[in-house]
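[1] pasting a predicted model and its sequence here:
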Amino acid sequence: MKRFIFLLAVMLVCFASYAQSNIDGTWFLDKSEKQTVSEGTVDGQTDMKASVQYVFDRDRYTATLKAIVTMDVSSREDDTKANIYVEVTASMSGALSRSGDVITLTPEPKKKPSVDIDAKVDGVPGGSMIKNMIVSPLKKELTSELKKKESYTIVSVTESSLTLRDIPSKKEQAKGELPETVTFTRR
C-alpha cells in the first residue's frame, strides 16, 4: 500500500510540473502610458496604448501587435494646436522551439510580416508630408524587427501567467542593451 501511495504521489508531482511548464495557448500583454511635456512655449501630451498577443501551439507561434499613439501639442504663444494620431497593427508567425527554459521564435523565412499603419496629422501646415515622414520609416523599422529571430528565458509559467525575459543578441549586448522581463496573461 505504501508503494502505491508513493507511486501516486510521484505521478501527481510529474503531472503538476508538466502542467506548469506548458506554454501552449494564447497570451496577452496590455500596456498604457501617458506622458506630459512642457518645454519652452510648447505643451504636449502623449497617450500610448499597446497590446501584444502570442499564440503558442506546440512548434508554431503567431504574434500580433496593436498600438495607438495620440499626441496633442499646443503653443502658449499663439494658441496653435496640433494633433497626431498613429495606429499600428502588425502580425507575424513562424517556428517555435524550446530547449529547457529557453524558447526561440523564428519567423517564416519567406513570409513578409503584415504591417498596417494609419496616421492623421491635424493642425499643422503640411500635415500630409509629416504623415508620410512618420508612416514610411515606422513601417520599414517594424517590418525589419518582426523578421528577427527572438529568444526568451521562461522565468515562470502558471495556468494564468507567463513571464519571459528576452535574451539580447550579441549585437544588442555590444550596444549595452539589458534584458527586459514582461508578464503575459491568459484570458
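    Structure received.
[2] residue closest to the middle of the chain?
    Nearest residue to the geometric centre of the chain (CA atoms, centre = their mean): V52, 4.6 Å.
[3] list the contacts of the strand or helix carrying that residue.
    Using DSSP states H and E, the element containing V52 is strand 42-57. If you take CB atoms under 8 Å, 6 or more residues apart in numbering as the criterion, strand 42-57 is touched by 23-38, 61-76, 96, 184. Placement of C-beta: from N, CA and C, glycine included.
[4] residue boundaries of the strands in this protein?
    Using DSSP state E, the strands of the chain run over residues 25-39, 42-57, 60-75, 81-99, 102-107, 114-122, 150-157, 161-166, 181-185.
[5] for E172, find the nearest of those strands.
    Closest to E172 of the strands of the chain, according to CB to CB: strand 161-166, at 8.9 Å.
[6] can you mark which positions in that closest one are buried?
    L162, L164, R165, D166 (16 or more other CB atoms under 10 Å).
[7] quick one: residues contacting the residue nearest to the second one when sequence neighbours are not counted.
    Residue nearest to L164 in three dimensions, not counting chain neighbours: Y152, with 4.1 Å by CB to CB, 6 or more residues apart in numbering. Under the criterion of CB under 8 Å, 6+ apart, the neighbours of Y152 are V102, I103, T104, L105, L164, R165, D166, I167.
[8] in the sheet, who's paired with V42?
    Beta-bridge partners of V42, counted by DSSP bridges, are E39, S75.
[9] give me the neighbour count for it.
    Neighbours of V42 under the rule other CB atoms under 10 Å: 14.
[10] any idea how far T62 is from it?
    Going from V42 to T62 by CB to CB, to the nearest Å gives 41 Å.
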